[in-house]
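Colleague: Test case, fold it:
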Amino acid sequence: MKYVRQIVYGLLLTAAANALPLVWLLYAKWSVSGAGWLFLPLAAAAAMGVLLIFRADIKSTTSYECLSYIRSGQAADFKRQADYQQSVLLDKDVRDAVLPLLNDDQGPLMHMPITDNPDAWTNQVVREFYGKDSVVGVFWEDWADGEGKEDLGLE
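Modeller: Numbers count the residues shown, from 1 in each chain. Model prediction:
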């Protein structure tokens with residue numbers, strides 16, 4: 001139900017935003033009183049009223065979640081980890097890729113991560129795509145050799 005409400009609010013706000021220029025043009029064309037200067041303050045007040053009414057739902061929007069994820073530094077952490085995985089997978093000398101698993105908190109990102117099961121569908125697809133003999137993920141605690149930790153800023 002939460003997503004239906006967000007879709008309806010999004011459609012209402014889009015319709016209102018698209019209607020404002022049309023209303024302004026009609027008002028300016030047929031205005032006989034010459035009070036066109038009044039339109040902008042009224043439009044701003046209407047926009048503030050809409051934001052005030054729907055303020056509780058702003059934090060549940062995708063845009064807000066994405067901005068929060070970026071500002072917290074979690075997106076940069078995820079990017080560092082993904083870049084390291086990519087560098088190992090692109091290395092032609094590595095035939096059996098053993099990679100640390102990405103952090104579990106992916107925020108708004110929808111990613112099919114490598115798993116600790118070498119027979120998992122995601123691992124098989126990654127293995128075939130990068131031309132590796134095997135691809136497997138290991139938990140950070142079990143990542144014994146620690147190769148690449150300095151690349152991730154962990155040592």
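Colleague: what's the nearest residue to residue 109 if we skip its chain neighbours?
Modeller: residue 78 (6.5 Å; Cβ to Cβ, 6 or more residues apart in numbering). Every C-beta, even on glycine, is put in place using the N, C-alpha and C of the backbone.
Colleague: what about that neighbour, which helix or strand?
Modeller: Using DSSP states H and E, the element containing residue 78 is helix 74-90.
Colleague: beta partners of the nearest residue to residue 115 once chain neighbours are set aside?
Modeller: Nearest residue to residue 115 in three dimensions, chain neighbours excluded: residue 137, at 5.5 Å (Cβ to Cβ, 6+ apart). Beta-bridge pairing for residue 137 (DSSP bridges): residue 99.
Colleague: And the pLDDT at residue 137?
Modeller: Reported pLDDT at residue 137 in the predicted model: 90.
Colleague: cool, and residue 13?
Modeller: Residue 13 carries a pLDDT value of 72.
Colleague: Now do the SS call for it.
Modeller: Secondary structure state of residue 13, per DSSP: H, G, I helix; E, B strand; the rest coil, is helix.
Colleague: how about the residue nearest to it when sequence neighbours are not counted, what does it touch?
Modeller: Closest residue to residue 13 apart from its sequence neighbours, by Cβ to Cβ, 6+ apart: residue 50 at 6.6 Å. Under the criterion of Cβ atoms under 8 Å, 6 or more residues apart in numbering, the neighbours of residue 50 are 12, 13, 16.
Colleague: Now render those residues as CSV, adding distance to residue 46.
Modeller: Converted to CSV, the contacts of residue 50 look like this (distance: Cβ to Cβ, whole Å):
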residue, distance to residue 46
12, 12
13, 11
16, 8
